[in-house]
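**Student:** Just to be clear, the model below is a prediction. Sequence and coordinates:
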Amino acid sequence: MDGLEQAERLRDALGEIFCLTFVHGIEPVEALRRMGAYTDTFTELDPDDMRERQFSFDAGYPRMAGAVAVGEWTLVLEPEGFEAAGTLLAAMSRGTTALSVLRHDYAHPRFTYAVNGLETVTFDPEWMDSVWGAEPRRLHTQMRAVGLEPLDTGDQQELTENAVARALLLASVVTGVTATPEILTAPMQATQIEPWFTDAEPDGGALRANPAAGNPWWDALVEAIARASPTAKRAAALAETRRVADLLDLTATPGLAETLADAQAGQPAAVPMSSPLGRQVRDWRRLSSLATWAPIDPTTTMSEGERLHGNRLGWFTRILRGALHPDPDIAVRAALYPLGLEMEIIADQAAHQTALRHLQS
């Protein structure tokens with residue numbers, strides 16, 4: 001009970017939305033680098049300072065994270081953030097162990113445990129009807145001990161009381177680390193993060209079978225991808241990237257043509273954030289963030305044309321990141337996702353038919 005009370009205190013101190021990640025044997029700066037840290041933005045900030053920066057138009061509404069070492073573990077806090085609750089955690093765990101606890105009072109909480117690049121245990125602590133991952137029973141004993149016992153088939157589903165606090169307590173039990181408000185509300189090593197520059201699998205936004213979609217474009221693309229060869233998948237992903245680059249007048253971007261050519265030749269096509277293309281991607285991502293958040297910020301103004309341009313650049317960066325992924329199946333599903341949504345400007349019937357021809361070649 002004392003442990004649960006401490007976890008409740010920590011939950012309340014960190015606010016309505018946060019992601020707390022534990023990474024074993026990794027120093028704070030390295031943990032942040034694994035999240036795509038912009039190395040020129042490292043500084044000492046407390047969570048309130050990070051929140052203020054995240055909600056700043058002048059700063060570009062950056063995603064922020066701070067890290068502090070506690071024993072053999074590094075604790076990474078994303079105030080108002082959730083990046084490490086998705087596929088980024090697997091990338092952070094390569095060569096080690098990492099786990100994250102997400103609180104999001106306007107969506108769903110999540111607990112995820114990853115080992116050496118593999119998501120091992122994941123569940124929603126509020127609704128214990130499903131635990132998934134490579135080894136879903138790996139933490140079963142510890143979960144039961146903190147009141148997060150998975151439901152047996154046929155059991156009536158009920159909302160878990162103090163779900164986020166119990167997930168934080170589980171993190172403490174698994175890691176042996178007691179995270180306190182005093183540690184996590186103090187100034188810490190902080191930076192802007194951008195998962196685009198990591199090797200994590202694109203999180204969400206990928207074409208998958210969805211019987212409820214009711215979209216013939218979506219269904220046709222999913223079926224064609226399932227039948228396509230790896231070579232055809234890569235060709236379709238790169239062709240779509242070039243098409244949208246041309247549509248948005250981006251083909252002359254320094255480094256873009258060379259990077260796409262490397263990907264087409266089967267060579268590594270990573271984009272260092274310090275490269276000319278990397279610096280351009282940083283700018284595109286900033287404009288996309290401005291376009292997303294400025295309309296709900298009463299202190300700023302942004303024209304409709306600027307907002308639409310920023311949104312399109314954001315979609316292009318998602319297409320580009322997908323197309324460069326080393327797995328051709330992941331690449332094509334991420335790159336073609338906007339086509340399935342019939343995205344304004346980016347998608348039309350001709351583009352859809354062109355993508356199908358590449359997949360069927």
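**Tutor:** Perfect, I can see it now. Remember, predicted model here, so these are calculated numbers, not experimental data.
**Student:** how about low-confidence regions in the stretch 51-200 of the chain?
**Tutor:** 152-157 (pLDDT under 70).
**Student:** go again using 80 as the cut-off
**Tutor:** By pLDDT under 80, the low-scoring segments of the stretch 51-200 of the chain are 151-158.
**Student:** which residues of it fall in helices?
**Tutor:** Counting by DSSP state H, counting those that start in this stretch, the segments of the stretch 51-200 of the chain that form helices are 88-92, 140-145, 163-175, 181-184.
**Student:** How much space separates residue 193 from residue 108?
**Tutor:** 22 Å (CB to CB, to the nearest Å). Placement of C-beta: from N, CA and C, glycine included.
**Student:** between these two, who's got more neighbours?
**Tutor:** residue 193 (26 against 14; other CB atoms under 10 Å).
**Student:** And this structure, split by domain according to the record?
**Tutor:** 2-197, 216-360 (automatic domain parsing).
**Student:** Figure out the length between the terminal residues of the shortest one.
**Tutor:** Put plainly, it is domain 216-360. 17 Å (CA to CA, to the nearest Å).
**Student:** Secondary structure class of residue 7, three-state.
**Tutor:** Following DSSP: H, G, I helix; E, B strand; the rest coil, residue 7 is assigned to helix.
**Student:** can you count the residues close to residue 352?
**Tutor:** Neighbours of residue 352 (other CB under 10 Å): 19.
**Student:** pretty sure it contacts residue 217?
**Tutor:** Yes. Using CB atoms under 8 Å, residue 352 is in contact with residue 217, at 5.5 Å.
**Student:** Quickly list what's touching both of those two.
**Tutor:** residue 339 (CB atoms under 8 Å, 6 or more residues apart in numbering).
**Student:** still on that earlier bit, quick check: which of the helices of the stretch 51-200 of the chain is nearest to residue 125?
**Tutor:** Closest to residue 125 of these, according to CB to CB: helix 163-175, at 4.0 Å.
**Student:** Just the residues contacting the closest one, thanks.
**Tutor:** The contact list for helix 163-175 (CB under 8 Å, 6+ apart) reads 3-4, 6-8, 10-11, 20, 22, 24, 73, 99, 101, 103, 109, 111, 113, 125-126, 139, 142-143, 145-148, 160, 177-179.
**Student:** And that helix, how far out from the chain middle?
**Tutor:** Per CA atoms, centre = their mean, to the nearest Å, the displacement of helix 163-175 from the mean C-alpha position of its chain is 22 Å.
**Student:** Which elements pack onto the strand or helix carrying residue 314?
**Tutor:** Secondary structure assigned from DSSP states H and E places residue 314 in helix 304-323. Packing partners of helix 304-323 (3 or more CB pairs under 8 Å, 6 or more residues apart in numbering; DSSP states H and E): helix 230-247, helix 276-293, helix 328-335, helix 337-340.
**Student:** neighbours of residue 4, just the number please.
**Tutor:** If we define neighbours as other CB under 10 Å, then residue 4 has 15 of them.
**Student:** let me fix that: residue 60
**Tutor:** Residue 60, neighbours per other CB under 10 Å, totals 19.
**Student:** and residue 248, what is it in contact with?
**Tutor:** 312-313, 316.
**Student:** Against residue 113, how distant is it?
**Tutor:** 40 Å.
**Student:** what residues are up against residue 124?
**Tutor:** Taking CB under 8 Å, 6+ apart as the test, what residue 124 contacts is 108-111, 130.
**Student:** Same question for residue 87.
**Tutor:** 119, 200-203.
**Student:** Among those residues, name the ones in strands.
**Tutor:** In strands, defined here by DSSP state E, the members of these are residue 119.
**Student:** Buried ones only from the contacts of residue 87, please, as a ChimeraX command.
**Tutor:** To isolate the buried subset of the contacts of residue 87 in ChimeraX, counting by 16 or more other CB atoms under 10 Å, use the following:
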select :119,200,201,202
